[in-house]
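Participant: got a structure for you, letters missing:
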Ligand code: HEM
């Protein structure tokens, strides 16, 4: 089912864009809010990026589970699902930050948001290593 893999990769790309971009966008949103005191275009863009990639993330996970089913659930798919679950939790937390930002609550520092952003990069690297090397059969 090569076309399912194409769909999977397309949606993975879209989801990763949101995972990497949204926390950075919150930093700029925070600056905009500090300067204007109101909800502006940066907040609008951040919410749109998040919503758009959320839908793609769901398709990425569903198509990934289907591919894992075709592969007969070898051990590396279990490891991959675990790391993807961590990425999904990270993304859920970003959603919480966005909901709070929508109310004008920006408690996290720029540095915190940058480190938080890098953590998702580590998760993505972990997923890629697992799917390319397919350890433990
Ligand atoms: C529950 C979530 C996921 C599951 C169960 C899953 C499972 C799979 C499976 C079984 C394949 C086919 C491997 C092959 O044919 O060689 C695949 C391909 C791939 N997946 Fe996922 N995936 C998931 C999410 C993700 C995510 C979040 C990423 C990126 C961070 C990702 C990146 C890739 C890549 C790059 C490939 C192509 C690998 C290749 O052709 O060598 N997957 N996935």
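Facilitator: Sure thing, it's come through. The model shown is predicted, which means the values in this text are computed figures rather than measured ones.
Participant: With adjacent residues omitted, what lies nearest to residue 86?
Facilitator: residue 123 (5.7 Å; C-beta to C-beta, 6 or more residues apart in numbering). To be clear about C-beta, it is placed using only N, CA and C from the backbone, and glycine gets the same treatment.
Participant: Can you give me the neighbour number for the nearest residue to residue 54 once chain neighbours are set aside?
Facilitator: Excluding the flanking residues, the one nearest residue 54 by C-beta to C-beta, 6+ apart is residue 18, at 7.0 Å. Neighbour count of residue 18, defined by other C-beta atoms under 10 Å: 24.
Participant: Up against the ligand, what does the protein have?
Facilitator: Counting by C-beta under 6 Å from any ligand atom, the residues of the chain lying close to the ligand are 5, 8-9, 12, 16, 60-61, 64-65, 67-68, 71, 77, 80-81, 84, 87, 124, 127-128, 131-132.
Participant: Quick check: phi and psi on the spatially most central residue of the chain?
Facilitator: The centroid of the chain falls nearest to residue 19 when counting by C-alpha atoms, centre = their mean (2.9 Å). Here the main-chain torsion angles of residue 19 (degrees, to the nearest 10) amount to phi -60, psi -40.
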